[in-house]
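> model this:
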Amino acid sequence: QVSLVESGGGLVQAGGSLRLSCAASGRTFSRTAMGWFRQAPGKEREFVAAINWILNTYYANSVNGRFTISRDNAKNMVYLQMNSLKPEDTAVYYCAADKVVGRISIPRERTDFDSWGQGTQVTVSS
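The predicted structure follows:
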């Protein structure tokens, strides 16, 4: 498994931006797809974005065009740049690592991932 630590959450006004970071250690990070999920109070954890090891990306419809996922394999880091934030983006955001090393398709189901960070809170005020 991969050890993951998120950072960068906080309180921001609607329309603002935040950049989340995820530091990874263990396993073969450079060939592991990574994803971001979020969970709002009273709701299930939902997919936000994912990036595979050849830098293909996929986004949930709700964030497409506003969020950008990226990775730096030299630093074992994954990022989520969030722009034009809305109150409905308020949630705890989790970084996750694919359970399959070298997968070409982009994972997007919770069951595709077997390593999770502790989460970072993002609050968007109206």
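
> Check the burial of residue 45 by counting its neighbours.
Around residue 45 there are 16 other residues, counting by other CB atoms under 10 Å. Where C-beta positions appear, they are placed from N, C-alpha and C, glycine not excepted.

> from memory it sits against residue 37, does it?
Yes. Between residue 45 and residue 37 there is a contact at 5.1 Å, judged by CB atoms under 8 Å.

> which neighbours do these two share?
Listed as contacting both residue 45 and residue 37 by CB atoms under 8 Å, 6 or more residues apart in numbering are 94, 110.

> The spatially most central residue of the chain sits in which helix or strand?
In the chain, the residue lying closest to the centroid (CA atoms, centre = their mean) is residue 36, at 2.0 Å. For residue 36, the host element (DSSP states H and E) is strand 32-39.

> In whatever helix or strand comes next after that strand, which residues are buried?
Where DSSP H and E defines the elements, the next helix or strand beyond strand 32-39 is strand 46-51. Counting neighbours by 16 or more other CB atoms under 10 Å, one finds that the buried residues in strand 46-51 are 47-51.

> again with stretch 10-24
12, 18, 20-22, 24.

> do the same with stretch 46-66
Here stretch 46-66 shows 47-53, 58-60, 63 as buried, counting by 16+ other CB under 10 Å.

> In those residues, which has the lowest confidence score?
Of all the buried residues of stretch 46-66, residue 53 has the smallest pLDDT value, namely 93.
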